[in-house]
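Student: Fold the following, please.
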Amino acid sequence: MNPYILATLLTSLGLGTTLTFASSHWLLAWMGLEINTLAIIPLMSQHHHPRAVEAATKYFLTQATGAAIVLFASTTNAWITGDWNMTNMSNPLASAMILAALALKLGLAPMHFWMPEVLQGLDLLTGLILSTWQKLAPFALIIQTAQAFDPLLLTALGLSSTLVGGWGGLNQTQLRKILAYSSIAHMGWMVIIIQHAPHLTLLALLIYILMTSAAFLTLKFSSATKINVLATIWSKSPILTATTALVLLSLGGLPPLTGFMPKWLILQELAKQGLPLIATVMALAALISLYFYLRLCYTMTLTISPNTSTSSTPWRIITTQATTPLALLNMMALGLLPITPPVIMLVS
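Tutor: Model prediction:
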């Protein structure tokens, strides 16, 4: 892709998200969401592969539907209340419609069906943008208008997302689909706590972006897209194999890694709010997710020499990729748990 076009598209991605962040008017927020969607479509289909074009088409239709519902619901609310401001969401029907539209844009269950299929058709860098940056604008809208949403609806979306994200990833062999279901499960953890402690939602989102970025860049460095390819990356980089297994366990929320921090704090807050049953279900759903992360770790660490592997060993080509961002993200994805108190103070 032409560097000038690439720079324009990436700038438009940043502009769309920033516009949504900065706006308190529904029309401007909708414009930001649309700019965001239109900027990433060429990035998704730049390889002209049939799967990439199919993924871009599915993503465009899904996001256009979500944006249309946001516009319709905000117009309905403005018609009834006479105000386009986000803080004035007094109409319960409009609030429920906007929450459903933003859940569709984020990929929350039961509106999650597009997410694994779209992510599977993309290359790893574009998939990284879709899994991290594209979540920011809808989450900004949900956080700003969280008090207007029905608490029962938010709880149902969070519980269903964590359960679907756990169960859906159990039978997958494609790493991008596994990361898509991982994203769905993490979105559920963020939504479940947003009505009680929005700063924990922000913390969980930041930690999720760190861990997912580390996972995607590791897979990009290793050129791994399937589980059986993971069995042979030790021959390329043994140290990276060890850190990859730890990053995956951190995504699963295993102590003493960074990913345990948001899950621990969210479960603690749910217990404080008098919701021990919901906290128990969330913890059990996290165990389901942990199973398929352990499956990936097993493939990477327990199938190395002298055991026989069914996959062909990749060529040990010297890579030209920058390793500094990967090293920094890996360290943050593994070692932030001891500094939990200052991190909480920072986000709150």
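
Student: Quick check: which element contains Gln321?
Tutor: Assessed by DSSP states H and E, Gln321 sits outside every helix and strand.

Student: residue contacts, it?
Tutor: 220-221 (CB atoms under 8 Å, 6 or more residues apart in numbering). Any C-beta I mention is one placed from the backbone N, CA and C, and that applies to glycine too.

Student: swap in the one 4 residues further on?
Tutor: With CB under 8 Å, 6+ apart as the criterion, the residues that contact Pro325 are Leu217.

Student: Just list what the strand or helix carrying Tyr4 packs against, helices and strands only.
Tutor: Using DSSP H and E, Tyr4 sits within helix 3-22. Helices and strands touching helix 3-22, by 3 or more CB pairs under 8 Å, 6 or more residues apart in numbering; DSSP states H and E, are helix 26-44, helix 133-144.

Student: didn't Ile227 look like it was pressed against Tyr293?
Tutor: No: contact between Ile227 and Tyr293 fails when scored by CB atoms under 8 Å: they sit 11.7 Å apart.

Student: These two: which is more packed in?
Tutor: In terms of neighbours (other CB atoms under 10 Å), Tyr293 is the more surrounded of Ile227 and Tyr293; the figures are 23 against 19.

Student: What score does that one have for pLDDT?
Tutor: Per-residue pLDDT puts Tyr293 at 92.

Student: next one: Ile233
Tutor: In this prediction Ile233 is given a pLDDT of 80.

Student: Go ahead and confirm it touches Ser222.
Tutor: Yes: contact criterion CB under 8 Å: Ile233 and Ser222 qualify, at 4.4 Å.

Student: what residues do these two have in common as contacts?
Tutor: Common neighbours of Ile233 and Ser222 (CB under 8 Å, 6+ apart) are 240, 244.

Student: about what we covered before: the helix holding Tyr4 - what's its average pLDDT?
Tutor: 93.

Student: neighbouring contacts of it?
Tutor: Taking CB under 8 Å, 6+ apart as the rule, helix 3-22 contacts 28-29, 31-40, 42-43, 129, 133, 136-137, 140-141.

Student: Let's see that with 7 Å instead.
Tutor: Here helix 3-22 makes contact (CB atoms under 7 Å, 6 or more residues apart in numbering) with 28-29, 31-33, 35-36, 39-40, 42-43, 133, 136-137, 140-141.

Student: quick one: Trp189 and Ile266 touch, right?
Tutor: Yes: taking contacts as CB atoms under 7 Å, Trp189 lies within contact range of Ile266: 5.8 Å.

Student: Common neighbours of the two, please.
Tutor: Ala204.

Student: Show me what counts as buried in stretch 232-245.
Tutor: Neighbour counts over stretch 232-245 (16 or more other CB atoms under 10 Å) mark 232-234, 236-237, 240-241, 243-245 as buried.

Student: okay, how far is it across that stretch, tip to tip?
Tutor: In stretch 232-245, first residue to last residue: 13 Å (CA to CA, to the nearest Å).

Student: sorry, back to before: return the member of the contacts of helix 3-22 nearest to Ala68.
Tutor: For the contacts of helix 3-22, the closest approach to Ala68 (CB to CB) belongs to Leu33, at 10.6 Å.

Student: Quick one: residues contacting the closest one.
Tutor: Applying CB under 7 Å, 6+ apart, the residues near Leu33 are 16, 20, 67, 70, 137.

Student: Now render the residues you listed as CSV, adding neighbour count and distance to Gly259.
Tutor: Listed next are the contacts of Leu33 as CSV, based on neighbours: other CB atoms under 10 Å; distance: CB to CB, whole Å:
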residue, neighbour count, distance to Gly259
Gly16, 24, 29
Thr20, 24, 27
Ala67, 19, 32
Val70, 24, 31
Ala137, 24, 24
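
Student: quick one: which two of those residues are the most distant?
Tutor: Gly16 and Val70 (13.6 Å).

Student: Could you list the alpha-carbon positions for the strand or helix carrying Met331 in PDB?
Tutor: Assigned by DSSP H and E, Met331 belongs to helix 324-335. This file holds the C-alpha atoms of helix 324-335, laid out as PDB (Å, rounded to 0.1, in the frame of the first residue of the first chain):
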ATOM      1  CA  THR A 324      11.600  -3.500  20.900                       C
ATOM      2  CA  PRO A 325       7.800  -3.000  21.000                       C
ATOM      3  CA  LEU A 326       7.300  -6.800  21.400                       C
ATOM      4  CA  ALA A 327       9.800  -6.900  24.300                       C
ATOM      5  CA  LEU A 328       8.200  -3.900  26.100                       C
ATOM      6  CA  LEU A 329       4.700  -5.300  25.700                       C
ATOM      7  CA  ASN A 330       5.800  -8.700  26.800                       C
ATOM      8  CA  MET A 331       7.300  -7.300  30.000                       C
ATOM      9  CA  MET A 332       4.200  -5.200  30.800                       C
ATOM     10  CA  ALA A 333       1.900  -8.200  30.000                       C
ATOM     11  CA  LEU A 334       3.800 -10.300  32.600                       C
ATOM     12  CA  GLY A 335       5.000  -8.000  35.400                       C
END
